[in-house]
Structures are given as C-alpha cells and as structure tokens.
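**Student:** Below are the sequence and a predicted model; questions follow.
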Amino acid sequence: MGVPALMLLVVAVLALAAPAQAGELITITTPSRHVEPARVAFNGPQQTELRANVLLPDGYDATRRYPVLFLLHGIGDNHLSWARPDRGDIVQTARGLDAIVVMPEAARGFHTNWFNGGRRGDPGWERFYLDELIPLVEQRFPIASGRRNHAIAGLSMGGFGATFLGGQRPDYFGSVATFSGFVQTQRPEVELGVRALGGPDYETIFGPREGPYATGHNPTPLTGNLRHSRLFVAVGNGTAEPGVQSGPAAIAGGGAVEAGLRIQSEEFVTAARGAGIAPVYKPQLGVHDWPYWRRHLRQAIEWGLFEDVAQAPDRWTYRTVAQTGRMWSLSYAFAAPPEQLVDFERTGDVLRGRGAGTVTVRDVATGCDFTAELPFDRAVPPRGCDRLRPLAVRARTTPRRDRTRPHR
C-alpha cells in the first residue's frame, strides 16, 4: 500500500473512531411583560432577567428548519439544570436528536398565572410561555412548521407544565411527555407536597384546592384538550433500582414523592383514556431523581417526539379558565376572567360554548370574529369569511394529518 493510500486509511479509521460531534449549548435571554425577575424566587443566584438554555443539534445549519422540544425543569431547579452533567446531562442524554431543545427558566412558578387572591398574575408564567416564549424561539431559531414538529416535555413540576401548557395550545404542540409529573394537582397531599419541595403556598398559585381556578390548572380534568395529541407518561414507583446511583436523601424523600406521583400518573392516564386518548404509559422502578429522568427522556426520544398528528381536526373539545388564549384555529378573549370552568366544543363548523361570561372568538387565519354570551352555539366556517355566521349548516370534514417534515 502506498503512502498516500495509507494516510487516507489512517484518516478514515480515526474518523470512525472519533465520537460524534456534540451539539452546541447556548444561553439566550427571554424578556417578559408577565414575569418580573425582581419579584421571582429563583433556584440559585437571583437573576435580573429570564434566560433559557438551548441545545442546537449536531451539525446545526441555520438555513434549514428543525423540530423543537421545549424541555421543562422541576421545582428545585433552573434553566441550567437539564444541561448540567450531574443532572440532566442533555448533551449526552439527547445525543443524536435532530432537533432544537429549549430549556427555559420557570423558577418555582408552576407554569401558571398565579391566582394571588383573584389577581391571576404577578407572576404570569403561563402567558410568558404561551404568548412570549414560543414566538421568541420561532423568531430566533429556524423552527419547522406543523404540530408534528413541536413537542413539550418536563420532569416533576415541568411534567405539570408540559401537560398543562400542551393542553392550552393543542394547535401548536403535537407531542406531550411527562416524567414523574404533578399531573393530578387537586389531590389533598399536593398542598403539603408543594410547600415541602420548596414551593410557595398552594392557594397563592392555584386558589382554593376545590375551586374552579385549581380545576382549570389541573392536567387530569383537562385531558380532553390533548385528545389529538400524542401523549407519553413515565413515572417510578418509589423504589430505587439496583445499580442506579442516587443519594440517600433522594432514595428516602424521593421515594415517597415518587410513590405519590405514581398515583397521580395512574389517575391522569385513566382520565386520558376516558377522553379517547391512547397514551404511552411507562410505569417503572425509580425514585424522584435525575438518573431516572434522564432515562425517561431517552425513552421519550425513542418513542418519537416528532411523529404524524392531526394538523387541523374539525372535532375537538377545549376546557379553560384563562381569560385569553388559543384553541386550535380560534383565539378567544373574555371580557372578564371566567369565574368558572369554560368548555368549548367544535363539531364540523359548529362551535359550542358552555359556562358563563362574554367572549370574543376570532378565526386566526381570516380575522373574522364574533362576541357572544355563554352558553352559545355558533357556526365557524373553515375558510375565508366576512364575519363568523350565526348557526346554520353543520358541515363535517375529514381532518388532515400533519405530515410536515423539517426541511433538509
């Protein structure tokens, strides 16, 4: 073999032996009108601005479009936690995932506009995430369009956030995954648990435990919002798995927490199935600790975070207590914050609203709108219009699947 050929062979062997290039990890600022950093109790040093860690995939190319995973942290963590090698180790855990991973700050906010005695804000975490963070990420990075290319996942408090926020924007998120999540937040022990885990008073966040605001922020009675989404649920049973390294405190306290969250997950999955959803449920050994959440994320990646989903179904239900928001192709704005849970249901071109209050509903694509007192039945034409019509013909169309794939 000649020298040039030998050199080429050596280069080829070294290239095969070398590890794959790790994705690039960057930090961005995420300003907000709804969350004032000076009034937030952060985990770690006090911050003067909200930030998010972003993992760019191997070989990142700003001229092509990528799927995006919003990955949420737990109540004792911050936007750095998923990236720390001793915690989420996201560079290794998500190695090979051809997507942009956004890991935003949530402090101890539970991704909720805090009830605060009825003020419903200060901080307003859910409005930050849904109205500010998503557009900011799409402006900053080349995100592929279509529900199939947008996923949200999280651990513990972040599992609550993924299921709640995913259900409040089903038009955007096609896949939702929760790892050891607080997904049944009206169980009696949750009030004590939130405080024990370093959170604020339960009623400050959610209002009275049996009240409509708490129900409207509880993922379990809201599972119908996820009917057209792909759903992944992983949780331990409170028993440490032999060979998995966890500290004594995690095995003791984390075991009890995880056992309680196993019960919540069972109730959440049962409610999801009752709503016509077929979640992928992964109950397994484990305590409330990072080695298991890294495993859960790898399982979710293997399950597939960016698969086909219905892009624009013409039959859906949507439940909320938010004053403003978006339900599929329609936005809504109540004249005053709803005092009870509000239910919307679309069947073909008919939209039904049940509850109380005055609401303006707008077709996002056309700008057509109407204002009505609940309860109401109104027609919502699927295409261009001058105004949304009074109830008339009830048409039914077949929902198309979202098969939009990232541009290569």
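**Tutor:** Alright, I've got the coordinates.
**Student:** and Arg84, how far is that from Thr93?
**Tutor:** Counting by C-beta to C-beta, to the nearest Å, the separation of Arg84 from Thr93 is 11 Å. Every C-beta, even on glycine, is put in place using the N, C-alpha and C of the backbone.
**Student:** before we move on, what about Gly167?
**Tutor:** The spacing between Gly167 and Thr93, counted by C-beta to C-beta, is 25 Å.
**Student:** which other helices and strands contact the one helix or strand Phe370 maps to?
**Tutor:** In the assignment (DSSP states H and E), Phe370 maps to strand 369-373. Counting contacts by 3 or more C-beta pairs under 8 Å, 6 or more residues apart in numbering; DSSP states H and E, strand 369-373 packs against strand 358-363.
**Student:** Check which residues of the strand holding Phe370 are buried.
**Tutor:** Of all the residues in strand 369-373, those buried under the rule 16 or more other C-beta atoms under 10 Å are Phe370, Ala372.
**Student:** who touches that strand?
**Tutor:** Gly353, Gly357, Thr358, Val359, Thr360, Val361, Arg362, Asp363, Arg378, Arg387, Leu388 (C-beta atoms under 8 Å, 6 or more residues apart in numbering).
**Student:** Report the mean per-residue pLDDT for the helix or strand that it is followed by.
**Tutor:** Remark: after strand 369-373, the chain's next helix or strand is strand 376-379, criterion DSSP H and E. Regarding strand 376-379, the rounded mean pLDDT is 94.
**Student:** Just the buried residues of strand 376-379, please?
**Tutor:** Across strand 376-379, burial judged by 16+ other C-beta under 10 Å covers Phe376, Arg378, Ala379.
**Student:** contacting residues around Phe115?
**Tutor:** Listed by C-beta under 8 Å, 6+ apart, the contact set of Phe115 reads Glu203, Thr204, Ile205, Phe206, Gly207, Tyr213, Ala214.
**Student:** how close does the closest residue to it other than its chain neighbours get to Tyr213?
**Tutor:** Distances taken as C-beta to C-beta, 6 or more residues apart in numbering place Gly207 nearest to Phe115, at 3.8 Å, with adjacent residues excluded. Distance, Gly207 to Tyr213, using C-beta to C-beta: 4 Å.
**Student:** re the thing from before, and Arg84 and Thr93? which has more neighbours close in?
**Tutor:** Between Arg84 and Thr93, Thr93 has the larger neighbour count (other C-beta atoms under 10 Å), namely 22 against 14.
**Student:** what's the nearest residue to that one if we skip its chain neighbours?
**Tutor:** Closest to Thr93 by C-beta to C-beta, 6+ apart is Arg294, at 4.9 Å.
**Student:** Can you list the low-confidence ranges for the stretch 301-408 of the chain?
**Tutor:** Scanning the stretch 301-408 of the chain for pLDDT under 70 picks out 381-408.
**Student:** how about the strands of the stretch 301-408 of the chain, start to end?
**Tutor:** Assigned by DSSP state E, counting those that start in this stretch, the stretch 301-408 of the chain shows strands spanning 309-310, 315-320, 324-327, 330-334, 342-347, 350-354, 358-363, 369-373, 376-379, 401-402.
**Student:** Distance to Thr178 for those - can I get that in TSV?
**Tutor:** Below are the strands of the stretch 301-408 of the chain laid out as TSV (distance: least, C-beta to C-beta, whole Å):
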stretch	distance to Thr178
strand 309-310	17
strand 315-320	18
strand 324-327	21
strand 330-334	26
strand 342-347	23
strand 350-354	28
strand 358-363	30
strand 369-373	34
strand 376-379	34
strand 401-402	22
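**Student:** Out of those strands, which is closest to Arg262?
**Tutor:** Arg262 lies closest, by C-beta to C-beta, to one member of those: strand 315-320, at 25.1 Å.
**Student:** then the closest one to CSV, C-alphas only?
**Tutor:** Below are the C-alpha coordinates for strand 315-320, written out as CSV (Å, rounded to 0.1, in the frame of the first residue of the first chain):
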residue,chain,number,x,y,z
ARG,A,315,-63.9,17.8,16.1
TRP,A,316,-62.4,18.8,19.4
THR,A,317,-63.1,19.9,23.0
TYR,A,318,-61.3,22.6,24.9
ARG,A,319,-61.5,23.5,28.6
THR,A,320,-60.0,26.5,30.3
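**Student:** quick one: buried residues of that strand?
**Tutor:** Using 16+ other C-beta under 10 Å as the test for burial, strand 315-320 gives Trp316, Thr317, Tyr318, Arg319, Thr320.
**Student:** just checking, the last one touches Gln168?
**Tutor:** Yes - the pair Thr320 and Gln168 qualifies as a contact (C-beta atoms under 8 Å) at a distance of 6.7 Å.
**Student:** okay, now Pro242: neighbour count?
**Tutor:** Using other C-beta under 10 Å, Pro242 is surrounded by 6 other residues.
**Student:** now swap in Gln139 and tell me
**Tutor:** Neighbourhood size, Gln139 [other C-beta under 10 Å]: 8.
**Student:** what helix or strand does it sit in?
**Tutor:** helix 134-140.
**Student:** what's around the closest residue to Gly44 other than its chain neighbours, how many residues?
**Tutor:** Closest residue to Gly44 apart from its sequence neighbours, by C-beta to C-beta, 6+ apart: Asn78 at 5.4 Å. When neighbours are defined as other C-beta under 10 Å, Asn78 has 22 of them.
**Student:** In contact with Asn78, which residues?
**Tutor:** For Asn78, the contacting residues are Phe42, Asn43, Gly44, Glu105, Ala107, by C-beta under 8 Å, 6+ apart.
**Student:** Just the buried subset of those residues, please.
**Tutor:** Buried residues within the contacts of Asn78, counting neighbours by 16+ other C-beta under 10 Å: Asn43, Glu105, Ala107.
**Student:** Could you pull up phi and psi at the first one?
**Tutor:** Asn43 has phi and psi values of phi -90, psi 110 when expressed as degrees, to the nearest 10.
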